[in-house]
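Engineer: Sharing a sequence plus its predicted fold:
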Amino acid sequence: MASYLEPDKALRVEAQQRLPHKNLWGVPAGDMDQHRLVHELQVHQIELEIQNEELTQTLTEVNALRAKYLDLYDFAPVSYITLDTQGNIVELNLRAAQLLGQERKPLIGRPVREFFDPTTLPRLDAFLVTAEYSNDEVFAEALQSMHSKSMLMPMYMNAQARSFLDPLSGKKQIRLVLMDVTALKIATDDVVRIITHGA
């Protein structure tokens, strides 16, 4: 029980140290209670001021950490997308918007399926369902995207996903990481073709 009272005692001691000391000797007995009441109110006011200072300092630190996180998130070298359990985009970083070939704001709320080739959708759906119900990270290789830097060449992405509970809404969401592996996929396919059919 004493451990819960310690912060309050420390706060009170600090508040009393900040309050100018007043000598109450010689105060008539009838006025003593009023002086004590005023003293207690002054101490309580200083306690509130100290708590306000601490909250302001904490808020400043939280805002600095938030800005740092947003900077790291937005300018990360890989694409981060948060999905709801229906596969709709909740948020994404700048790299993901570039990868999907659009501005970020219009992408919010859209199904991530829209950005993948129809032949890839069964694999993508199975991958996201597995991510939703698994406690571990899940992976999918070479998912073909609808967006391509060249109309003559398909685009392929490796995907990594994990589900988590959003601390604000309490709802399950899926954190998706996409990596453009088009060059690697094409090079691998060329090697397989050479080995299978000869030079």
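Structural biologist: Perfect, thanks for sending it. This structure is a prediction, so every number in the text was calculated from the model and none was measured.
Engineer: so what are the domain limits for the protein?
Structural biologist: 2-71, 77-197 (automatic domain parsing).
Engineer: among these, where is the model least confident on average?
Structural biologist: Mean pLDDT is lowest for domain 2-71 out of the domains of the chain, coming in at a mean of 74.
Engineer: Sketch out the helices for this protein, chain order is fine.
Structural biologist: Secondary structure of the chain (DSSP state H): helices at 2-18, 29-74, 94-100, 104-107, 121-133, 182-197.
Engineer: Between the domains of the chain, which shows the greatest average number of neighbours?
Structural biologist: Each of those was scored by mean neighbour count; the highest is domain 77-197, a mean of 15, by mean count of other C-beta atoms under 10 Å. All C-beta spots, glycine's among them, are computed from the backbone N, C-alpha and C.
Engineer: Determine how far the last residue of it lies from the first.
Structural biologist: The first and last residues of domain 77-197 sit 37 Å apart, counting by C-alpha to C-alpha, to the nearest Å.
Engineer: How far does stretch 179-191 sit from its chain's centre?
Structural biologist: Remark: stretch 179-191 is offset 32 Å from the chain centroid, using C-alpha atoms, centre = their mean, to the nearest Å.
Engineer: before we move on, the earlier item: can you check which of the helices of the chain gets nearest to residue 86?
Structural biologist: helix 121-133 (9.5 Å; C-beta to C-beta).
Engineer: Now the closest one - C-alpha only, CSV.
Structural biologist: Output in CSV follows, covering the C-alpha atoms of helix 121-133 (Å, rounded to 0.1, in the frame of the first residue of the first chain):
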residue,chain,number,x,y,z
LEU,A,121,-5.8,-13.3,-56.4
PRO,A,122,-6.3,-16.8,-55.1
ARG,A,123,-2.8,-16.8,-53.7
LEU,A,124,-3.1,-13.3,-52.3
ASP,A,125,-6.4,-14.1,-50.6
ALA,A,126,-5.0,-17.3,-49.1
PHE,A,127,-2.0,-15.4,-47.9
LEU,A,128,-4.0,-12.7,-46.2
VAL,A,129,-6.3,-15.2,-44.5
THR,A,130,-3.3,-17.1,-43.2
ALA,A,131,-1.8,-13.8,-41.9
GLU,A,132,-5.1,-12.9,-40.2
TYR,A,133,-5.3,-16.1,-38.2
